[in-house]
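**Q** Sharing a model prediction with you, sequence too.
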Amino acid sequence: MIETGTSEKRVAVARDYVDRVFNGHDGERAREYFAPDVTFHALTVGTLTGIDAVVPVLVGLIDALSDIHAEVQDVIASGDFVALRQVVKARHTGTLLGMPATGNPLQWDAVDIYRINDAGKISEQWAFEDFAAILSQAGGVKLPWAW
């Protein structure tokens, strides 16, 4: 149980989630961090509601990107919100957004915003990943400035 207004404890939940789920390569473990009725906003999948809708998306992402590792660069916390700016590195070893594995190394910037309730569960998440960087490094698109 998190005391109302305790930003440090909410930051610890967000950091632990990234470490254990993404850096630990265990998408199913997200169930320990999400409220059952979690709302997940992501540019690639739109808005998903409910733990059973969100976890398979995370599992698919993590399974497609072996050795995924998110390095937290900055943290901002206010009220029940925690924002993490991260640099993510991985290898594209599985199907990602319909693209077959290339084996290419990938690196991109990400900003994730979490709403963490008083019980210490993530009730809402906004995931902003640099998918132009991901897709270009995986060979899915050729960016005009990368010619």
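**A** Received it, and whenever you're ready, just let me know what you need.
**Q** ok, which stretches of this structure are helices?
**A** Per DSSP state H, the chain carries helices over the ranges 7-17, 51-64, 131-137.
**Q** can you tell me which of these the model trusts least?
**A** Here the lowest mean pLDDT among the helices of the chain goes to helix 131-137, at a mean of 85.
**Q** Which strands border the lengthiest strand in the chain, and is each parallel or antiparallel?
**A** For the chain, the strand that runs over the most residues, judged by DSSP state E, is strand 65-78. On the basis of DSSP bridges, the sheet neighbours of strand 65-78 come out as strand 81-92 (antiparallel).
**Q** Show me what counts as buried in the partner strand.
**A** Applying a neighbour-count criterion of 16 or more other CB atoms under 10 Å, one finds 81-84, 86, 88, 90-92 buried in strand 81-92. (Each C-beta comes from the backbone N, C-alpha and C, glycine too.)
**Q** Report the contact partners of the residue positioned nearest the centre of the chain.
**A** For the chain, the residue lying nearest the average C-alpha position, counting by CA atoms, centre = their mean, turns out to be A127 (5.9 Å). Listed by CB atoms under 8 Å, 6 or more residues apart in numbering, the contact set of A127 reads 40-43, 110, 112.
**Q** between these, which is closest to A70?
**A** Closest approach to A70 among the contacts of A127 (CB to CB): A110, at 6.9 Å.
**Q** That closest one: neighbouring residues, count only.
**A** The local packing of A110 (other CB atoms under 10 Å) involves 21 other residues.
**Q** Do I have it right that it meets Q86?
**A** Yes. Counting by CB atoms under 8 Å, A110 sits close enough to Q86 to count as a contact (4.7 Å).
**Q** which residues are in contact with both of these two?
**A** Residues touching both A110 and Q86 by CB under 8 Å, 6+ apart: A70.
**Q** What is the end-to-end distance of stretch 25-42?
**A** End-to-end distance of stretch 25-42 (CA to CA, to the nearest Å): 19 Å.
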